[in-house]
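Enquirer: pasting the sequence and the predicted model now:
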Amino acid sequence: MKITKTILVLAFISLLTVSCKKEAETKEVAAEKETAAPKKEVVIAAENVQTASFEIEGMTCAMGCAKTIEEELGALDGVQKATVDFDSKKATVVFDKTIQNQESLTKVVEATADGKTYKVVLPKS
């Protein structure tokens, strides 16, 4: 009986430690990445600036999910700023409307990871 309980406890602890898809990076590794690859500066003409906000379903953690989606969106051409808030499940993207559109941003989010994990919910007009 004790062996069964021990195995169950170990399995539960293992499940908790790997539930997030990507482990949190240490501050040192994050600092190295920032110095190695400086962030791109995107300058958009004022008349072309557009902001899109939408909900993302399927995120399970801030570092693995939200941060990964934020990086994917931020790396797109024409994107000036992308933020993903795990707690509110909301993404906000500032982009050049001559290069990107809300549909292309949605496709990138839904294609992140295995292409089945995340779903974008657009606000009702």
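Expert: On my side now, so go ahead.
Enquirer: what residue is smack in the middle of this structure?
Expert: The residue lying closest to the centre of the chain (Cα atoms, centre = their mean) is residue 69, at 2.2 Å.
Enquirer: next, that one: secondary structure please.
Expert: Here residue 69 is recorded as helix under DSSP: H, G, I helix; E, B strand; the rest coil.
Enquirer: list the contacts of it.
Expert: 56, 59, 84, 91, 109, 112, 118 (Cβ atoms under 8 Å, 6 or more residues apart in numbering). Heads up, the C-betas are built off the backbone N, CA and C, glycines and all.
Enquirer: what's the answer for residue 111, then?
Expert: Residue 111 neighbours (Cβ under 8 Å, 6+ apart): none.
Enquirer: any idea how far it lies from residue 120?
Expert: To residue 120, residue 111 is 11 Å away according to Cβ to Cβ, to the nearest Å.
Enquirer: residue 46 too?
Expert: Residue 46 is 27 Å from residue 120, by Cβ to Cβ.
Enquirer: just residue 109 next, same as before
Expert: 5 Å.
Enquirer: again with residue 4
Expert: Distance from residue 4 to residue 120, counting by Cβ to Cβ: 43 Å.
Enquirer: where does pLDDT dip in the protein?
Expert: Applying pLDDT under 70 to the chain flags residues 12, 14-40, 125.
Enquirer: quick one, longest strand in it?
Expert: Secondary structure of the chain per DSSP state E: the longest strand is strand 49-57.
Enquirer: that one pairs with which strands?
Expert: Taking DSSP bridges as the criterion, strand 49-57 pairs within the sheet with strand 90-96 (antiparallel), strand 119-121 (antiparallel).
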